[in-house]
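Asks: coords please:
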Amino acid sequence: MASEAGTPKKSATAGVVLLTLAAGQFLMALDSSVMNVSIATVADDVGTTVTGIQGAITAYTLVMAMFMIPGAKVGALIGHKKAFLIGCVIYGCGSLITALAPTLPVLLLGWSFLEGIGAALILPAIVALVAGNFTAERRPGAYGLVAASGAVAIAVGPIIGGIATTYFSWRWVFAGEVAIVLAILVLARRTADAPVGERRRIDLIGAVLSALGLGVFVYGVLRSSEWGWFLPKPGTPALLGISLVVWLMLAGLLLIRMFLYWEARLVERHREPLVDPALLRNRQLTGGLTMFFFQYLVQMGVFFVVPLYLSVALGLSALKTGARILPLSLTLLAAAILIPRFLPNVSPRRVVRLGVLALLAGAVALLAALDTDAGAEIVTIPLLLIGLGMGALASQLGAVTVSAVPDKQSAEVGGIQNAVTNLGASIGTALAGSILIAALTTSFLTNIEQNQAIPDAVKSQATVQLEGGVPFMSDAQLKTALDKAGTSPDVASAAIDANTDARLDGLRAALAILALAALLALFFTQRIPTTQARSTEPAGAAGRTATA
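Replies: The predicted structure is shown next:
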């Protein structure tokens, strides 16, 4: 095997395989961030409201969450490479329909449904194909680069979306996705299929239970900022005086518990489960999945908070906001690539702990730097630290989870892993957003209440009208709204000062909860192994497996 590994042909093949899978991961992540800066433009173009486009983005997340575990099983039944290719074709069709969409229903079909189904097939297959194309020693580097490509896509998405919307059209973004899909289909010929076990029928009842459980839970999380986590906001649905979010999350957890019970029954009857419940008793696997959850919770929370600070608080354009986030991509890529290359025998647990500490340090540094006189430059060092932490985690976690099980179960692990990261990302964004708005509202109303320049009647009216949440807006936006309302100059000035202080309080509160999540993650690193996985393949397998 060693002699073959060094041949240029093998290195070239491994490079093409890695490029193919990294491009797939990049494409899947790009959709999560590329249109965030263009929501209003897209809404005008397809004749709907901003709420309608936000609903389309929510639906895309829901479809992915619902079908991720069944999508992994499809790969085990028909072959992981075939599932990857079919997923790319479905995703490409969805992107093409989205690029041409004249109305919101067509947009929902292409963007939310077809792209979501395609992603549910592609993402678990990527995990299995990395395991099938790289030896155990090379997997940390391969997984690191693939994971880093997804995080980079989230970082550069606003720049791509901003450029396309400003100088061309948002539709060119989705047309570009079609071109990337075509390139992936051509490059994928060099990718070897991953091993699959005995091909049996899919567990339809398990598929329905898992899809409903994950879908209902994620839907509840996504609605938390609008409806309230526990106490319902005014005019929002509630049951027994408690926000519907709580009931949706409980219903989702109950369905997931029913799913696991059903899967255990199938195992007892010697039938093929959708997911073997024994996987969740694997200490190393659950340790890796837990760290994936916290990584994506903090990561997506940061990608929510930092752009808000740059674009709203400081008023930077989408392009300048994206440029300020780029330093994160540099350290992320450096850590994801260089740690496996130069420290191949390093303890995964040590790298993961240092990565979590870097996330924590970055969040705390940004929290400390926020001030009324602070500029865009304060995000640079914190983002370098956060990128370093994300890259360190990316360099280890994929290999940790897959090496915990036989290769034939890598797709199952991929489905669970992507479901967990989807949950982490949803909760991270929703938690950061709801904490930010809650702190912003409390601070704003407190500042208004304490300001002598504001009449008592105005204070009472503001308290009633804003008890459901104060919108996160720039001083210029607030001034425009106050001028339209005919507010007196003294009251307007006091309100703008209160908004400035409250906005920073909201950002600090959101960063504090993300730092707390990173600190909590440290307590779960004990389950990460202290030694790197080693290949146990027979020598004859070298011809199939690339070595990067």
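Asks: Any buried residues in the helix or strand containing residue 94, and which?
Replies: In the assignment (DSSP states H and E), residue 94 maps to helix 80-100. By 16 or more other Cβ atoms under 10 Å, the buried positions in helix 80-100 come out as 80-81, 83-99. For glycine as for every other residue, the C-beta is placed from the backbone atoms N, C-alpha and C.
Asks: Tell me the buried residues in the helix or strand that residue 221 is a member of?
Replies: Using DSSP H and E, residue 221 sits within helix 204-222. For helix 204-222, a neighbour-count test (16+ other Cβ under 10 Å) marks 206-222 as buried.
Asks: Also stretch 508-523?
Replies: 508, 509, 510, 511, 513, 514, 515, 517, 518, 519, 521.
Asks: Likewise for stretch 239-249?
Replies: 243, 244, 245, 246, 247, 248, 249.
Asks: would you list these in CSV and tack on pLDDT, distance to residue 291 and secondary structure?
Replies: Output for the buried residues of stretch 239-249, formatted as CSV (pLDDT from 0 to 100; distance: Cβ to Cβ, whole Å; DSSP: H, G, I helix; E, B strand; the rest coil):
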residue, pLDDT, distance to residue 291, secondary structure
243, 87, 30, strand
244, 90, 31, helix
245, 88, 26, helix
246, 90, 27, helix
247, 93, 30, helix
248, 91, 26, helix
249, 90, 22, helix
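Asks: remind me, longest helix of the chain?
Replies: Identified as the longest helix of the chain according to DSSP state H is helix 410-450.
Asks: who does that one touch, helix- and strand-wise?
Replies: The contact analysis (3 or more Cβ pairs under 8 Å, 6 or more residues apart in numbering; DSSP states H and E) places helix 410-450 against helix 50-78, helix 115-133, helix 204-222, helix 224-227, helix 283-308, helix 380-402, helix 456-465, helix 489-521.
Asks: helices and strands around the fifth one, which ones?
Replies: Counting contacts by 3+ Cβ pairs under 8 Å, 6+ apart, helix 283-308 is packed against helix 139-167, helix 318-342, helix 348-369, helix 380-402, helix 410-450, helix 489-521.
Asks: ok, back up a step: would you reformat the helices and strands packed on helix 410-450 as a markdown table and include mean pLDDT and distance to residue 354?
Replies: Below are the helices and strands packed on helix 410-450 laid out as a markdown table (pLDDT from 0 to 100; distance: least, Cβ to Cβ, whole Å):
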| stretch | mean pLDDT | distance to residue 354 |
| --- | --- | --- |
| helix 50-78 | 78 | 29 |
| helix 115-133 | 87 | 23 |
| helix 204-222 | 85 | 29 |
| helix 224-227 | 78 | 32 |
| helix 283-308 | 88 | 13 |
| helix 380-402 | 89 | 6 |
| helix 456-465 | 54 | 47 |
| helix 489-521 | 83 | 12 |
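Asks: between those helices, which one is nearest to residue 169?
Replies: helix 50-78 (15.0 Å; Cβ to Cβ).
Asks: who does that closest one touch, helix- and strand-wise?
Replies: helix 39-45, helix 80-100, helix 104-107, helix 115-133, helix 204-222, helix 410-450.
Asks: Nearest to residue 155, out of those?
Replies: Among the helices and strands packed on helix 50-78, helix 410-450 sits nearest to residue 155 (Cβ to Cβ), with 14.2 Å.
Asks: what angle sits between that closest one and helix 489-521?
Replies: With axes from the mean of the first three to the mean of the last three Cα atoms, to 10 degrees as the basis, helix 410-450 and helix 489-521 are set at 150 degrees to each other.
Asks: how far away is residue 141 from residue 24?
Replies: 17 Å (Cβ to Cβ, to the nearest Å).
Asks: Mind checking which of those two has more residues around it?
Replies: residue 24 (28 against 21; other Cβ atoms under 10 Å).
Asks: SS state for the more buried one?
Replies: Three-state call for residue 24 (DSSP: H, G, I helix; E, B strand; the rest coil): helix.
Asks: That one and residue 164, how far apart?
Replies: Distance from residue 24 to residue 164, by Cβ to Cβ: 21 Å.
Asks: what do you get for residue 533?
Replies: From residue 533 over to residue 164 (counting by Cβ to Cβ), the distance is 41 Å.
Asks: which of these two has more neighbours?
Replies: Legend: neighbour count by other Cβ under 10 Å for residue 533 and residue 164, higher for residue 164 (22 against 18).
Asks: Quick check, the more buried one in contact with residue 175.
Replies: No: judged on Cβ atoms under 8 Å, residue 164 makes no contact with residue 175 at a distance of 9.5 Å.
Asks: related to what we said a few turns ago, for residue 285, which of the helices and strands packed on helix 283-308 is the nearest?
Replies: The nearest among the helices and strands packed on helix 283-308, by Cβ to Cβ, is helix 380-402 at 5.7 Å.
Asks: That closest one packs against which elements?
Replies: helix 115-133, helix 139-167, helix 283-308, helix 318-342, helix 348-369, helix 410-450.
Asks: would you turn the ones you listed into CSV with distance to residue 273?
Replies: Putting those into CSV (distance: least, Cβ to Cβ, whole Å) gives the following:
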stretch, distance to residue 273
helix 115-133, 16
helix 139-167, 25
helix 283-308, 16
helix 318-342, 33
helix 348-369, 28
helix 410-450, 9
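Asks: Just name the most buried of those.
Replies: Ranked by mean neighbour count under mean count of other Cβ atoms under 10 Å, the helices and strands packed on helix 380-402 are led by helix 115-133, which reaches a mean of 28.
Asks: which helices and strands does that helix pack with?
Replies: Against helix 115-133 (3+ Cβ pairs under 8 Å, 6+ apart) you get helix 8-30, helix 50-78, helix 80-100, helix 139-167, helix 380-402, helix 410-450.
Asks: Out of the ones you listed, which is closest to residue 502?
Replies: Per Cβ to Cβ, nearest to residue 502 of those: helix 410-450, 3.8 Å.
Asks: What separation do you get for the nearest residue to residue 512 once chain neighbours are set aside and residue 299?
Replies: In this structure, residue 512 finds its nearest non-sequential neighbour in residue 367, 6.1 Å apart by Cβ to Cβ, 6 or more residues apart in numbering. To residue 299, residue 367 is 16 Å away according to Cβ to Cβ.
Asks: What distance do you get for residue 432 to residue 230?
Replies: On the measure of Cβ to Cβ, residue 432 and residue 230 end up 17 Å apart.
Asks: What of residue 84?
Replies: Counting by Cβ to Cβ, the gap from residue 84 to residue 230 is 41 Å.
Asks: and residue 33, that one's in a strand?
Replies: No: counting by three-state DSSP, residue 33 is not part of a strand but coil.
Asks: Kindly provide the distance from the residue lying closest to residue 125 once chain neighbours are set aside to residue 63.
Replies: Among residues not flanking residue 125 along the chain, residue 84 sits closest, at 3.9 Å (Cβ to Cβ, 6+ apart). Going from residue 84 to residue 63 by Cβ to Cβ gives 18 Å.
Asks: Next: residue 498.
Replies: Taking Cβ to Cβ, one finds residue 498 at 41 Å from residue 63.
Asks: what do you get for residue 181?
Replies: From residue 181 to residue 63 the distance is 18 Å (Cβ to Cβ).
Asks: got it, and residue 225?
Replies: From residue 225 to residue 63 the distance is 20 Å (Cβ to Cβ).
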